[in-house]
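# Next input, structure requested:
(one chain, ligands or ions: 1)
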Amino acid sequence: MNTEVADIGLIGLAVMGQNLILNMNDHGFKVCAYNRTTEKVKSFIENEAKGTQIIGAFSLEEMVRTLKKPKRVMLLVKAGSAVDEFINKLVPHLSSGDIIIDGGNSDYHDTTRRVVELEKKGILFVGSGVSGGEEGARYGPSLMPGGNPRAWPHIKNIFQAISAKADGEPCCDWVGETGAGHFVKMVHNGIEYGDMQLICEAYHIMRDGLGLNPEEMSNVFDEWNKGDLKSFLIEITRDILRYKNDKGYLLERIRDTAGQKGTGKWTVNAALEYGVPVTLIANSVFARFMSALKNHRVEASKIHKKNIKPFSGDKKQALEHLRKALYAAKIISYAQGFMLLKQAAQEHNWNLNYGGIALMWRGGCIIRSAFLGNIKQAFDKNPNLSDLLLDDFFIKVMHDCQDSLIATLQMALQQRISTPTFSSARDYYDGITCNLSPANLLQAMRDYFGAHTYELMGQEGKFVHTNWTGRGGNVSASTYDA
Ligand code: NBP
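I've put the predicted structure just below:
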């Protein structure tokens, strides 16, 4: 009897694993499910998977035996050592050309290491970003697979079938070699941090600056969701603001301290590593740290009194400025994110398809939005586009919205509302469009105290040192850095 009946094995029966299995089953794939704690296999088969063609396995050997060749095993377990433990246990049961896919939120450095190590054993390893949470996993996630490219033809069918679709196209394509899939997922998460913080600051401005009530704010987000800002996060903000239970609006009673799982921080670490000014995401991570200092903030607010005059301007106009400011700031954030992708691709020799990435994020995931369609078009027009801010569409939007960004920040300043991401968008925009920065002075200072040398304009590539005080020597430095 042929026991090799399953199209894919899936390990990890928590929220993501269970829902992805059911999604695969809906699309006609036969899945064999396994979990470290095997009682969960039994419970899943007897409950959620009842009446489906899903089969359960109670050992890894049993699971691998049920798989068709090349054997495909997907892991949806806690990122980190659990992934390595399963890989080590799986490898003895697999043969050359078999595939292991890690769908967890793994660090892309780990994925790169696993791709290289497993290639030596003939196993094709894929690290795939999976976005969209529980609902995405069940009904169509955004999938960002990367790793050993020889695996792609064998998983493409399943991945593109179960992924979300945007304008009829799957939100899933091959991202690139080694850790590229998980890198793109990490930047996606960083952008998600930025989008969420921008929305929070817009809410803060509406609530404390303009004095709007929850219903009014919800209506504003509802309006915004009909235009350029149409997105999943704007839509859920509208609904969250409106949500009431027997004690009234729930949002007003939620403690203002945000948690995090670290992928925003990873994005900022990558930005620091590759030297890319991803300032908006960095500020959104710091804003979460600031939010966690609740007791400190409460104490300080009692001591540091502020002289704030209630807003007396035109609220309708202020809200229109805010809408445009949010749009402009989002564009800056995505421009920074794509710049990071470009730099990492250069460092790792990844051949990233930027339009394809925008399409992968267009549906299924948390940052899904109408605006990603414009990003895709920009890269379709010019696949070598170095900066989104140099695309005609985005140039026009920035020209149209920049005054509103300034007007919003002026209002926030008067109302003493902290706006780290809106402010960093303005800073970045005025920085990246400044043809003469003050870094000439920086270079002069570095040379003055550390003999670090500088270039003269028009003589690029030629580094010279000046003995500024007459006391120092003429030798330039090569070690001490500042
Ligand atoms: P969890 O991240 O909560 O992981 C639960 C699974 O990991 C269970 O199968 C558990 O087995 C297994 N596991 C753990 Br915990 N430690 C293990 C170990 N040392 N050895 C072997 N197995 C271990 O599940 P999830 O929320 O479904 O997420 C799965 C992956 O997908 C994670 O990497 C997560 O970051 C990522 N992700 C999650 C979401 C989301 O919205 N939740 C979205 C996108 C990506 P057990 O049952 O025996 O304890």
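
# Give me the contacts around stretch 393-403.
Contact with stretch 393-403 is made by 228, 324-325, 327-328, 331, 335, 374, 377-378, 388-389, 429, as judged by Cβ atoms under 8 Å, 6 or more residues apart in numbering. No exception for glycine: its C-beta is placed from N, CA and C like everyone else's.

# which residues in the stretch 51-200 of the chain form strands?
55-56, 72-75, 99-102, 124-131, 142-147, 165-166, 169-170, 176-177 (DSSP state E, counting those that start in this stretch).

# deepest of those, which one?
strand 142-147 (a mean of 30; mean count of other Cβ atoms under 10 Å).

# tell me the contacts of the closest residue to Phe29 other than its chain neighbours?
Nearest residue to Phe29, sequence neighbours excluded (Cβ to Cβ, 6 or more residues apart in numbering): Asp7, at 4.4 Å. By Cβ under 8 Å, 6+ apart, Asp7 lies in contact with Met24, Phe29, Lys30, Val31, Leu67, Lys68, Arg72, Ile158.

# neighbours of the last one, just the number please.
Here the number of neighbours of Ile158 (other Cβ atoms under 10 Å) works out to 22.

# quick one: it and Phe422, what's the gap?
As judged by Cβ to Cβ, to the nearest Å, Ile158 and Phe422 stand 42 Å apart.

# for the fifth one, same thing?
Here the criterion is Cβ to Cβ. By it, Leu67 lies 51 Å from Phe422.

# Who has more neighbours out of the two?
Phe422 (28 against 25).

# Backbone dihedrals for the closest residue to the ligand within the chain, both of them.
Closest approach between the chain and the ligand, counting by Cβ to the nearest ligand atom: Gly104, at 2.5 Å. The phi/psi pair for Gly104 (degrees, to the nearest 10) reads phi -80, psi 180.

# Would you agree Leu409 is in contact with Thr421?
No. The pair Leu409 / Thr421 is not scored as a contact, 11.1 Å apart, by Cβ atoms under 8 Å.

# Which one of the two is surrounded by more residues?
Higher neighbour count among Leu409 and Thr421: Thr421, with 30 against 21, using other Cβ under 10 Å.

# Quick one: residues contacting the more buried one.
Gly194, Gln197, Leu198, Glu201, Leu280, Asn283, Ser284, Ala287, Ala329, Ser333.

# if you set the cut-off to 7 Å instead, what comes out?
Gly194, Gln197, Leu198, Glu201, Leu280, Asn283, Ser284, Ala287, Ala329 (Cβ atoms under 7 Å, 6 or more residues apart in numbering).

# Number of residues surrounding Gln260?
15.

# how close does it get to Asn295?
19 Å.

# again, but for Gly458
From Gly458 to Asn295 the distance is 56 Å (Cβ to Cβ).

# Which of those two has more residues huddled nearby?
Asn295 (9 against 6).

# Present the contacts of Asp7 as CSV; the columns should include pLDDT and distance to the ligand.
Shown next, in CSV, are the contacts of Asp7 (pLDDT from 0 to 100; distance: Cβ to the nearest ligand atom, whole Å):
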residue, pLDDT, distance to the ligand
Met24, 98, 15
Phe29, 98, 19
Lys30, 98, 20
Val31, 98, 15
Leu67, 98, 19
Lys68, 97, 23
Arg72, 98, 17
Ile158, 98, 17
